[in-house]
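got a structure for you, letters missing:
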């Protein structure tokens with residue numbers, strides 16, 4: 001299970017979600033979205049990095065990424 005940290009009105013976050021949904025058409029991956037603005041600690045930790053894709057506590061990707069970067073990071 002992967003976690004995608006996002007915030008409202010974030011264009012890069014929308015691109016990351018679209019790439020993850022596209023990836024789901026080809027691979028059995030699951031992710032949950034977390035709004036960093038609902039948690040002060042997460043907001044402070046990721047506010048300059050979002051979107052952030054993490055697995056447990058490990059940050060796999062952040063900022064602008066698409067299908068190719070996901071494929072490399074997730075080693076599918």
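Yep, that arrived. Since the model is a prediction, treat every value here as computed from it, not as a measurement.

Give me the residue ranges of the chain where confidence is low.
76 (pLDDT under 70).

Can you get me the start-to-end distance on stretch 32-44?
Its start and end residues considered, stretch 32-44 measures 20 Å (Cα to Cα, to the nearest Å).

Contacts for it, please.
Stretch 32-44 is touched from outside by 1-8, 17, 45-47, 50, with contacts defined as Cβ atoms under 8 Å, 6 or more residues apart in numbering. Backbone N, C-alpha and C define where each C-beta goes, glycine included.

Now tabulate those in JSON lines and tack on secondary structure and neighbour count.
Below are these laid out as JSON lines (DSSP: H, G, I helix; E, B strand; the rest coil; neighbours: other Cβ atoms under 10 Å):
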{"residue": "1", "secondary structure": "coil", "neighbour count": "8"}
{"residue": "2", "secondary structure": "strand", "neighbour count": "18"}
{"residue": "3", "secondary structure": "strand", "neighbour count": "18"}
{"residue": "4", "secondary structure": "strand", "neighbour count": "19"}
{"residue": "5", "secondary structure": "strand", "neighbour count": "24"}
{"residue": "6", "secondary structure": "strand", "neighbour count": "22"}
{"residue": "7", "secondary structure": "coil", "neighbour count": "18"}
{"residue": "8", "secondary structure": "coil", "neighbour count": "9"}
{"residue": "17", "secondary structure": "helix", "neighbour count": "16"}
{"residue": "45", "secondary structure": "helix", "neighbour count": "14"}
{"residue": "46", "secondary structure": "helix", "neighbour count": "20"}
{"residue": "47", "secondary structure": "coil", "neighbour count": "12"}
{"residue": "50", "secondary structure": "coil", "neighbour count": "21"}
